[in-house]
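In: how would this look folded up:
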Amino acid sequence: MDHMELARSLRVSTDIHYNCCQSVLVTFAKEMGLTPEQAFDLGTFFNAGMRHGSVCGALSGTLMVLGMTGCDEQQAAALLKKFRDCHCSTSCADLLKAARDRGEERKPHCDALVYEMVEALDAILAQKQ
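Out: Have a look, this model is predicted:
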């Protein structure tokens, strides 16, 4: 199962809820040297923008993966710039408000951000190899 398939399976899981951060972290647990359970626990309190509408959980998880896989500051900065350029914000609250204004439902919006970050990580990590 590739990363995208795993992320998609986590996002549709009904027995366990994976928040956006956990979805990214569990998807890349092996690359970080963590068990899926450790990755899940690490992302526990990063839902809903650290539980107060701050930084998007998918983005937070992605930055953690970059750090744990030895990526450098330039790679993180480039990812952040691309995210901001595409979405005009890194704030969960702002992202959700913009999605609502476009008529998008929350879950599909958040799923799309998780999948976007999984694709970005796949591209970045492929360049490292």
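In: what number of residues lie near residue 99?
Out: Here the count is done by other C-beta atoms under 10 Å, and residue 99 has 18 residues near it. C-beta: built from backbone N, CA, C; applies to glycine.
In: thought residue 28 was touching residue 43, still the case?
Out: No - applying C-beta atoms under 8 Å, one finds residue 43 not in contact with residue 28, separated by 11.0 Å.
In: flag the helix or strand of this protein with the lowest per-element mean pLDDT.
Out: helix 48 (a mean of 82; mean pLDDT, DSSP states H and E).
In: which of residue 43 and residue 28 has more neighbours?
Out: When residue 43 and residue 28 are compared for neighbours, residue 28 comes out ahead with 25 against 22, by other C-beta under 10 Å.
In: which residues sit in contact with the more buried one?
Out: Residues in contact with residue 28, defined by C-beta atoms under 8 Å, 6 or more residues apart in numbering, are 3, 39, 65, 69, 121.
In: looking at those, which one is closest to residue 76?
Out: residue 65 (10.3 Å; C-beta to C-beta).
In: just the element for that closest one, please.
Out: Using DSSP states H and E, residue 65 sits in helix 57-68.
In: before we move on, the earlier item: can you lay out the contacts of residue 28 as a markdown table showing neighbour count?
Out: Shown next, in a markdown table, are the contacts of residue 28 (neighbours: other C-beta atoms under 10 Å):
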| residue | neighbour count |
| --- | --- |
| 3 | 18 |
| 39 | 25 |
| 65 | 24 |
| 69 | 16 |
| 121 | 23 |
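In: I am finished for the moment; much appreciated.
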